[in-house]
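Peer 1: Quick one, fold the following:
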Amino acid sequence: MAGKVRAIPEGFGTLTPHLVVRGAAKAIDFYKKAFGAEEVMRMPTPDGQYIIHATVKIGDSMLMLCDEMPQMQRWVSPAALNGTTVALHLHVEDVDKAFQRAVDAGCKVSFPLMDMFWGDRYGKLTDPFGHEWSMATKVKDVTPQEAAAGAQAFFAGIGKPEAPKK
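Peer 2: Predicted coordinates for the structure are as follows:
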């Protein structure tokens, strides 16, 4: 008789991002190069045309992904949306080194690295598949009051954030 099945699979946390990508096989190779991902598994369709499920590990976290499949209708990639509504965030030991590795692999800088008011050295990138990534290393502990004052100064320097369009 088999043992008890784990409700949360070994190596996974309770929340795991799942990306829909136009070109999942290429994305897996890219994430290996850009973020040091390790491929855990991939499951192609019987005809090999699509990857219906894959898992990679980046640092101590799992990331699932699959190909965009037109027949699934709602599973579309950022390429189909002409943008994305979500960002993935990586905490790393050396953000300057990790950020440069991702840029060298082909990510585009969307927000350059800088020391931010909340205590992180932080920057944002867009990968060739349209997904947005932010990266940070904690460089300073700040109190909520220090962060609030820093936010006020930061936004005073760039102007008032735009209200969301309705």
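
Peer 1: For the host helix or strand of Lys124, give the mean pLDDT please.
Peer 2: If you go by DSSP states H and E, Lys124 is part of strand 120-126. The average pLDDT for strand 120-126 rounds to 97.

Peer 1: Which elements pack onto it?
Peer 2: Packed against strand 120-126, as judged by 3 or more Cβ pairs under 8 Å, 6 or more residues apart in numbering; DSSP states H and E, are the following elements: helix 95-105, strand 108-115, strand 132-138. All C-beta spots, glycine's among them, are computed from the backbone N, C-alpha and C.

Peer 1: Which among the ones you listed is found nearest to Trp75?
Peer 2: strand 132-138 (18.4 Å; Cβ to Cβ).

Peer 1: Outside of that closest one itself, list whatever touches it.
Peer 2: 35, 84, 86-95, 98-99, 102, 107, 110-111, 113, 116, 119-127 (Cβ atoms under 8 Å, 6 or more residues apart in numbering).

Peer 1: of those residues, buried ones?
Peer 2: Using 16 or more other Cβ atoms under 10 Å as the burial test, those include 35, 84, 88, 90, 92, 95, 98-99, 102, 107, 113, 116, 119-127 as buried.

Peer 1: Take the helices and strands packed on strand 120-126 and lay them out in JSON lines including mean pLDDT and distance to Gly11.
Peer 2: Below are the helices and strands packed on strand 120-126 laid out as JSON lines (pLDDT from 0 to 100; distance: least, Cβ to Cβ, whole Å):
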{"stretch": "helix 95-105", "mean pLDDT": "98", "distance to Gly11": "21"}
{"stretch": "strand 108-115", "mean pLDDT": "96", "distance to Gly11": "30"}
{"stretch": "strand 132-138", "mean pLDDT": "96", "distance to Gly11": "21"}
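
Peer 1: Most tightly packed of these?
Peer 2: strand 132-138 (a mean of 20; mean count of other Cβ atoms under 10 Å).

Peer 1: how far is the strand holding Lys124 from where the chain is centred?
Peer 2: 11 Å (Cα atoms, centre = their mean, to the nearest Å).

Peer 1: What strands line up against that strand, and which way round?
Peer 2: strand 108-115 (antiparallel), strand 132-138 (antiparallel) (DSSP bridges).

Peer 1: that older thread, quick one: closest of the helices and strands packed on strand 120-126 to Asp67.
Peer 2: Per Cβ to Cβ, nearest to Asp67 of these: strand 132-138, 19.3 Å.

Peer 1: State the next helix or strand along the chain beyond that closest one.
Peer 2: Downstream of strand 132-138 (by DSSP H and E), the next one is helix 144-158.
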